[in-house]
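>>> Sequence and predicted structure below; questions after.
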2 protein chains.
Amino acid sequence: MMTRAECARWLASRDGFLILTHGRPDGDTVGCSAALCLALRKLGKSAFVLENEEMIDKYAPLHENLTQKEPKPGDILVSVDVSAPHLLPPAALPLAEKIQLRIDHHYTSTSFAPNELVDSAAAACTEIIYDVICELGVALDEPIARALYTGTATDSGCFRYSSTSAHTHLVAAACMEAGLDAAPINLKLFDTVSLNSLRMQAWAIENTRFLLDGRVALCPMPKDTKEKLGIPEEEGGNLSGFLRSIEGVCMAATVRETDEGVTMISMRSLPGFDSSAVCALFGGGGHKAAAGGHKEAPYLEVADEVGRAMCAAVEQAWTAS
Amino acid sequence: MMTRAECARWLASRDGFLILTHGRPDGDTVGCSAALCLALRKLGKSAFVLENEEMIDKYAPLHENLTQKEPKPGDILVSVDVSAPHLLPPAALPLAEKIQLRIDHHYTSTSFAPNELVDSAAAACTEIIYDVICELGVALDEPIARALYTGTATDSGCFRYSSTSAHTHLVAAACMEAGLDAAPINLKLFDTVSLNSLRMQAWAIENTRFLLDGRVALCPMPKDTKEKLGIPEEEGGNLSGFLRSIEGVCMAATVRETDEGVTMISMRSLPGFDSSAVCALFGGGGHKAAAGGHKEAPYLEVADEVGRAMCAAVEQAWTAS
């Protein structure tokens, strides 16, 4: 495992970089690639980001004038925020074995590049890229700061998640000292919701069972719900997370009927309550705060079972504390 | 006007402080008073916060073991985050003229204390208190960090508002370096919504007119809306702000019927659009981003007028840009 300084020296002694991002790109992988590419260019090096065919409008401006359609012979491949080779976008999959440097903040037990700088304590991979850029002796400018801030803010939930550290805030401070106006970025990323998510939420509020004096929220969803509401299948947002955010709710779940006869469970809980333990009863698992499960049974039947299990878990945690 | 260093010297050379907060206390005034009180006590001084009869549950723990019911003779009165004497809570109003030091971040042209440290560039008054505590040579501990972080995060909208600066993030970083676990605070302050707000929002989504391809959102509200939904008058949240947050919406307004025959308008807009100019047509005003107005006419009639004015304003701004 490299240190930040070793990584910077490795980059400084080479030239001709092509930076790879992960599939279904988020603000962090896009921010990392843009910031690193711009910093390397400021050192007079040739650096590009491989075009990501799954790029979305929200982050596309960060890659403007930085992308290259295909790898050139001799390109030094660097992956950022990619925790496993299969997470590369389809067009980049054949390049996985040629990655020479991986910079990441996801904890994984297996490495896949000869040189790796991985720090799972970082809330965002851009935090690591920031340190490397400092080690390279490159001063932040507005475009680099914009890229670093976008990654740092998105992956830390705008500094709300438990992964946020003093370092996360220090990176944001450095970006603002470099002249970044963060407010328009925050407005776009954190203060805008889609009408379809809101319609889905409005439906959920009317159809959720609030149990145990509102400490448990359970929303059974028939399979034609989105169709009836005119909401595309991939839209509608994170409904169990939404239900968990309601004041007083400790544990929330959606219990969703599917075309395949399997009922899918998605669960969220506050600190002190264990969603993964409840989901383990339904062939699933995950984290304490967020877990999932499934059962081959009618969804209303599963909903009753899940409701009983959640109430038992919440009551137990409540009396134990 | 004092500097931070002068203010610290002023405090260091005195003893026996009583700190005053503003009425309808928020995280900033409560955080300021708690942090300053704790820091003065760490210097071995006698310091208390005057009990605020309007304190709410959310912030009450910050004042635990710090409050005093009434002023004692000789108490040195210091106000924090209070921009005008009439904003003190009722029980503190008679003390207004005795305030010896005012620390604040609200811009006002009039002063009301013989010693003032006011910096309107600070997103939160806790940012100024942090600087003063550093000048006093007091190291942050967890309770001081908790108080400073609460104020800083609440007044900056968890670092989302345009008032957020590098200094805002540096204060947050210092709090976390002092051992603060900010995640539970963030969860409580920024990731919890009341069911009544959500019920109000669900109603609004079904009853809002989306004009100009969804760039304008207009919600006419009959006077019995909350009553019919079973929502107390003071609850239900900031509905025009909610409508503005919908993807694609540039300008949003609620047009509310009242018992008095006056129709009330509340308007919000994205940067680049001027709510105050539109509200000026309806006997009101405010800021570009948030404004209000009113008209003595039936609310549906006013709604049509407001809708036309908003569409004209958005189209004009759109073609101008």
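Thanks, I have the structure now.
>>> Grab the nearest non-local neighbour of the closest residue to chain B within the stretch 201-321 of chain A.
Per C-beta to the nearest C-beta, A:A202 is where the stretch 201-321 of chain A lies closest to chain B, at 3.6 Å. Heads up, the C-betas are built off the backbone N, CA and C, glycines and all. Spatial nearest neighbour of A:A202, chain neighbours left out: B:A202 (3.6 Å); criterion: C-beta to C-beta, 6 or more residues apart in numbering or on different chains.
>>> what do you get for A:E247?
Per C-beta to C-beta, 6+ apart, closest to A:E247 is B:S194, 4.7 Å.
>>> Relative to B:S194, how far out is the residue nearest to A:V216 when sequence neighbours are not counted?
Ranked by C-beta to C-beta, 6+ apart and with sequence neighbours excluded, the top spatial neighbour of A:V216 is A:M310, at 4.8 Å. A:M310 sits 21 Å away from B:S194 when distances are taken as C-beta to C-beta, to the nearest Å.
>>> same deal with A:E235?
25 Å.
>>> Ok, A:P25 next?
From A:P25 over to B:S194 (counting by C-beta to C-beta), the distance is 35 Å.
>>> more crowded one of these two?
A:P25 (23 against 15; other C-beta atoms under 10 Å in any protein chain shown).
>>> I'd guessed the more buried one sits against A:I56; true?
Yes - counting by C-beta atoms under 8 Å, A:I56 is a contact partner of A:P25 at 7.1 Å.
>>> one step back: could you list the buried residues of the helix or strand containing the residue nearest to A:A202?
Using DSSP states H and E, B:A202 sits within helix B:195-207. Along helix B:195-207, these residues count as buried under the neighbour rule (16 or more other C-beta atoms under 10 Å in any protein chain shown): B:195-205.
>>> just checking, next helix/strand downstream of it?
Using DSSP H and E, the next helix or strand after helix B:195-207 towards the C-terminus is strand B:209-211.
>>> any chance you could map the helices in the stretch 1-150 of chain A?
Counting by DSSP state H, counting those that start in this stretch, the stretch 1-150 of chain A has these helices, from start to end: A:4-12, A:27-42, A:125-135, A:142-155.
>>> So which of those helices is nearest chain B?
Once the helices of the stretch 1-150 of chain A are compared by C-beta to the nearest C-beta, helix A:142-155 is nearest, at 8.1 Å.
>>> hey, C-alpha coordinates of that closest one in CSV?
C-alpha atoms of helix A:142-155 as CSV (Å, rounded to 0.1, in the frame of the first residue of the first chain):
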residue,chain,number,x,y,z
GLU,A,142,-11.5,27.0,-9.1
PRO,A,143,-12.0,24.0,-11.6
ILE,A,144,-10.0,21.7,-9.3
ALA,A,145,-11.8,22.9,-6.3
ARG,A,146,-15.2,22.5,-8.0
ALA,A,147,-14.3,18.8,-8.8
LEU,A,148,-12.9,18.1,-5.3
TYR,A,149,-15.9,19.8,-3.6
THR,A,150,-18.5,17.9,-5.7
GLY,A,151,-17.0,14.5,-4.7
THR,A,152,-16.5,15.4,-1.1
ALA,A,153,-20.0,16.9,-0.7
THR,A,154,-21.8,14.1,-2.5
ASP,A,155,-20.1,11.2,-0.8
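>>> just how off-centre is it within its chain?
Here the centre of helix A:142-155 is set off from its chain's centre by 14 Å, with C-alpha atoms, centre = their mean, to the nearest Å.
>>> How about stretch A:2-21?
24 Å.
>>> now do stretch A:174-189
Centroid separation between stretch A:174-189 and its chain, computed with C-alpha atoms, centre = their mean, is 20 Å.
>>> May I have the residues that are in contact with the closest residue in space to A:C7 that isn't next to it in sequence?
Nearest residue to A:C7, sequence neighbours excluded (C-beta to C-beta, 6+ apart): A:L117, at 4.4 Å. The contact partners of A:L117, taken as C-beta atoms under 8 Å, 6 or more residues apart in numbering or on different chains, are A:1-4, A:6-7, A:101-104, A:128, A:132.
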